[in-house]
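> Next comes the sequence, and after it the predicted model I'd like to discuss.
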Amino acid sequence: MSKFKIQKNVPIPDGWKGKVRSKAVIAFLQCKVGDSFLIENVNDRERNAISKIAGKRNMKIVTRKEGNYRRIWRTQ
């Protein structure tokens, strides 16, 4: 018996389509220029995902550590 079952014609659901989608990324996508948000325990993967998304959309961000949190501003 096979461990996998191949299926045909199964539609891909609308939405994120396999990309990194943490709460930090979702919050960033809702930010306007001048907005910021604070996130606890942001890891490198989330920070890199936000930076990559910002770059692809010609956005600029600034991040600063505030104790155990990281504040992320959208500057452009």
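Looks like it arrived, so ask away.
> switch to C-alpha atoms for all contacts and neighbour counts from now on
Fine.
> you'd agree residue 64 is in a strand?
Yes - residue state for residue 64 (DSSP: H, G, I helix; E, B strand; the rest coil) corresponds to a strand.
> mind listing what it touches?
Residue 64 makes contact with 70-72, according to Cα atoms under 8 Å, 6 or more residues apart in numbering.
> closest to residue 40 among the residues you listed?
Nearest to residue 40, judged by Cα to Cα, of those is residue 70 at 6.4 Å.
> how would you label that closest one: helix, strand or coil?
Applying three-state DSSP: residue 70 is strand.
> Which neighbours in the sheet does the helix or strand harbouring residue 39 have, and how are they oriented?
Assigned by DSSP states H and E, residue 39 belongs to strand 36-40. Strand pairing for strand 36-40, determined by DSSP bridges: strand 69-74 (antiparallel).
> Please spell out which residues along the partner strand are buried.
Neighbour-count burial for strand 69-74 flags 70, 72-74 (criterion: 16 or more other Cα atoms under 10 Å).
> Just put these in a markdown table and tack on distance to residue 38 and pLDDT.
A markdown table is the format used below for the buried residues of strand 69-74 (distance: Cα to Cα, whole Å; pLDDT from 0 to 100):
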| residue | distance to residue 38 | pLDDT |
| --- | --- | --- |
| 70 | 6 | 81 |
| 72 | 6 | 83 |
| 73 | 9 | 88 |
| 74 | 12 | 86 |
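> which one among the residues you listed gets closest to residue 29?
Using Cα to Cα, residue 74 is the member of the buried residues of strand 69-74 that lies nearest residue 29, at 9.7 Å.
> how close does that closest one get to residue 40?
Distance, residue 74 to residue 40, by Cα to Cα, to the nearest Å: 18 Å.
> Where in this structure is the helix or strand with the lowest mean pLDDT?
The helix or strand of the chain with the poorest confidence is helix 23-30; it has a mean of 76 (mean pLDDT, DSSP states H and E).
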